[in-house]
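# pasting the structure only:
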């Protein structure tokens, strides 16, 4: 394997310069002093919440929880690394300057533990991993170009506000100018952290590192025996928190249920005993010495980093708690088309139906199959990508709107669409003149990757609503008739009866018109950020239904 290098300082994204990038975060700035403050007591907290953790995972002994419920909620993510964490032994640490990190491979679905070497003097992190070798080869290199790498601190993300993280956490990756938006470069490990195609895709390898600050100058990073020394009992002992073995929470079966002990009782209930953690060294990050700013008070840039008297950054072993923070960071990205974990989000969200193309190569790599082609999802209540009324749905008095569920709208790349559930929802009402609210036309919504269908009042649609509507519209176009609320209401009853005769229980499947009788108020109804007036646009469609039906027919003939 070839060594691959990542710089210590993040200097912008997408080719932005140091001066004009709002994303610049300097790891040695004064602001980073508080973000990278070592707080060992934070490891007493539950991985999933801010409650005191009194239980440990019985398998790895490294994930701490306050209750069996929090363990169950964490299990879908924790199970990806639980056994691997146990198998990744400290006795195999290559040197005192190697630290445990986690990589999300490009072409494998599970995260992996790796040893990352920190070159303290040269302020770079070195990674040896076959996935990085393959990726470098795919872009025409033997090793990844140092100039294209970044180190992105994420402690200051809004979802972490007011939370205790324990130490700094940084994401290593490559600039988008290198990774580009190619199917072969899409990170499969990142996509697997959510259900198929719920996360906005990322590209290239992603490495997760933990760091702290130490403003006391040292020539080298003193973390264990010096190079050449023999480790005691074949093991390098590093400073930091090592959780003591409390009464273990039982490992989970694959179905997510906790195993029982021999007595048949559920293992993992609170034993009313607080965890006893070893005492840690006092914090070394508050010496009062200003090492993070220049003499003029400006934040140090990448080219000024070498002017520091010493490097205050200390890489640490990543913990299970750290990786949970990374997962939450991915799940809370505003660019995600869907909300992955509604129980943990701080965003306002509404239910939706996500219609995925099953032949789109990006969707395929993100795990979309026939079984997940059309599914219920939760989406941000506000979108910056535009949403529009579906004309045909509104013609039968259903206030359905559509928005893109795919944010890789690259017009230069042909991406095949295959999902019949979208066949009558792509005719939308759109502005012909951006400066006029009333000047609107019928247009075809570009089907790329995924389509989201929402009720404008944020009420929960069902896949059966979409399928019945499409079948009804098939009949309308076949007979040359005119769609109506009366016609679709009658067809809905027929649709349910056919399914019940086929042995499919439809007892809990309510009529789509049930939602139209619910008034949740204007606050939700007018949440469209493209500033469309929902009431006005729906009035335009219902005011002259024959004209809009004719416009849709004409559009489909072109």
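Noted; the coordinates are in hand. Predicted model, so just to flag it, every value in this text is computed and none were measured.
# so where does the closest residue to residue 367 other than its chain neighbours fall, helix or strand?
Excluding its sequence neighbours, the residue lying closest to residue 367 (Cβ to Cβ, 6 or more residues apart in numbering) is residue 196, at 3.7 Å. C-beta here means a position set from N, CA and C on the backbone, and glycine is covered the same way. Using DSSP states H and E, residue 196 sits within no helix or strand.
# Now do the contacts for residue 196.
Neighbouring residues of residue 196 by Cβ atoms under 8 Å, 6 or more residues apart in numbering: 356, 363, 366, 367, 368, 369, 372.
# Out of those, which sit inside strands?
In strands, defined here by DSSP state E, the members of these are residue 356.
# Buried subset of the contacts of residue 196 as a ChimeraX selection?
Entered in ChimeraX, the line below selects the buried ones among the contacts of residue 196, by 16 or more other Cβ atoms under 10 Å:
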select :356,363,366,367,368,372
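# any idea which of the contacts of residue 196 is closest to residue 549?
Nearest to residue 549 out of the contacts of residue 196 is residue 356 (Cβ to Cβ; 28.1 Å).
# what sits against residue 417?
357, 359, 360, 447, 448.
# Kindly confirm my reading that it forms part of a helix.
No - counting by DSSP: H, G, I helix; E, B strand; the rest coil, residue 417 is located in no helix; its state is coil.
# From residue 324, how far out is it?
Separation of residue 417 from residue 324 (Cβ to Cβ, to the nearest Å): 36 Å.
# Could you double-check that residue 4 sits in contact with residue 134?
No - judged on Cβ atoms under 8 Å, residue 4 makes no contact with residue 134 at a distance of 11.3 Å.
# of the two, who's got more company?
Set residue 4 next to residue 134 and count neighbours by other Cβ atoms under 10 Å: residue 4 wins out with 26 against 13.
# who does residue 351 bridge with?
Beta bridges link residue 351 to residue 378, judged by DSSP bridges.
# list the contacts for residue 370?
So residue 370 contacts residue 358 (Cβ under 8 Å, 6+ apart).
# quick one: it and residue 421, what's the gap?
As defined by Cβ to Cβ, residue 370 lies at a distance of 11 Å from residue 421.
# Same check on residue 123?
Counting by Cβ to Cβ, the gap from residue 123 to residue 421 is 52 Å.
# show me what contacts residue 65?
By Cβ under 8 Å, 6+ apart, the contact list for residue 65 reads 46, 47, 48, 53, 54, 55, 56, 57, 71, 74, 249, 268.
# Any idea what it is bridged to?
Legend: beta-bridge partners of residue 65 under DSSP bridges are residue 55.
# ditto for residue 356
Under the criterion used (DSSP bridges), residue 356 bridges to residue 450.
# now it: how far from residue 198?
Distance from residue 356 to residue 198, by Cβ to Cβ: 10 Å.
# Can you tell me how far the closest residue to residue 519 other than its chain neighbours is from residue 542?
Closest residue to residue 519 in three dimensions, ignoring its sequence neighbours and counting by Cβ to Cβ, 6+ apart: residue 457, at 7.8 Å. Between residue 457 and residue 542 the computed distance is 16 Å (Cβ to Cβ).
# Of these two, which one has the most company?
Neighbour tally, residue 457 and residue 542, criterion other Cβ under 10 Å: the higher count belongs to residue 457, 20 against 12.
# and the closest residue to residue 127 other than its chain neighbours, backbone torsions?
Excluding the flanking residues, the one nearest residue 127 by Cβ to Cβ, 6+ apart is residue 4, at 5.0 Å. Dihedral angles phi and psi of residue 4 (degrees, to the nearest 10) take the values phi -120, psi 130.
# Helices of the stretch 401-550 of the chain, residue ranges please.
Along the stretch 401-550 of the chain, counting by DSSP state H, counting those that start in this stretch, helices occupy 463-479, 485-501, 512-516, 522-525, 534-543, 545-557.
# rank those helices by pLDDT, which is bottom?
Lowest mean pLDDT of the helices of the stretch 401-550 of the chain: helix 522-525, a mean of 45.
# For stretch 133-141, which residues meet the burial criterion?
Buried residues in stretch 133-141, defined by neighbour count with 16+ other Cβ under 10 Å: 133, 135, 136, 139.
# Please read the previous query as pertaining to stretch 502-516.
Judged by neighbour count using 16+ other Cβ under 10 Å, the buried positions of stretch 502-516 are 509, 511, 512, 515.
# Tabulate the residues you listed in CSV, adding columns for distance to residue 41.
Listed next are the buried residues of stretch 502-516 as CSV, based on distance: Cβ to Cβ, whole Å:
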residue, distance to residue 41
509, 50
511, 54
512, 52
515, 48
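# Of all pairs in those residues, which one is the farthest apart?
509 and 515 (12.6 Å).
# mind listing the strands for the stretch 251-400 of the chain?
Under the criterion DSSP state E, counting those that start in this stretch, strands of the stretch 251-400 of the chain are mapped to 313-316, 349-356, 374-380, 387-389, 400-404.
# Output these as TSV; include the columns mean pLDDT and distance to residue 101.
Below are the strands of the stretch 251-400 of the chain laid out as TSV (pLDDT from 0 to 100; distance: least, Cβ to Cβ, whole Å):
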stretch	mean pLDDT	distance to residue 101
strand 313-316	89	8
strand 349-356	95	32
strand 374-380	94	31
strand 387-389	89	40
strand 400-404	92	34
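# how about these in CSV, adding distance to residue 472?
Shown next, in CSV, are those (distance: least, Cβ to Cβ, whole Å):
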stretch, distance to residue 472
strand 313-316, 60
strand 349-356, 16
strand 374-380, 17
strand 387-389, 18
strand 400-404, 13
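# nearest to residue 329, of these?
Using Cβ to Cβ, these put strand 374-380 closest to residue 329, at 16.1 Å.
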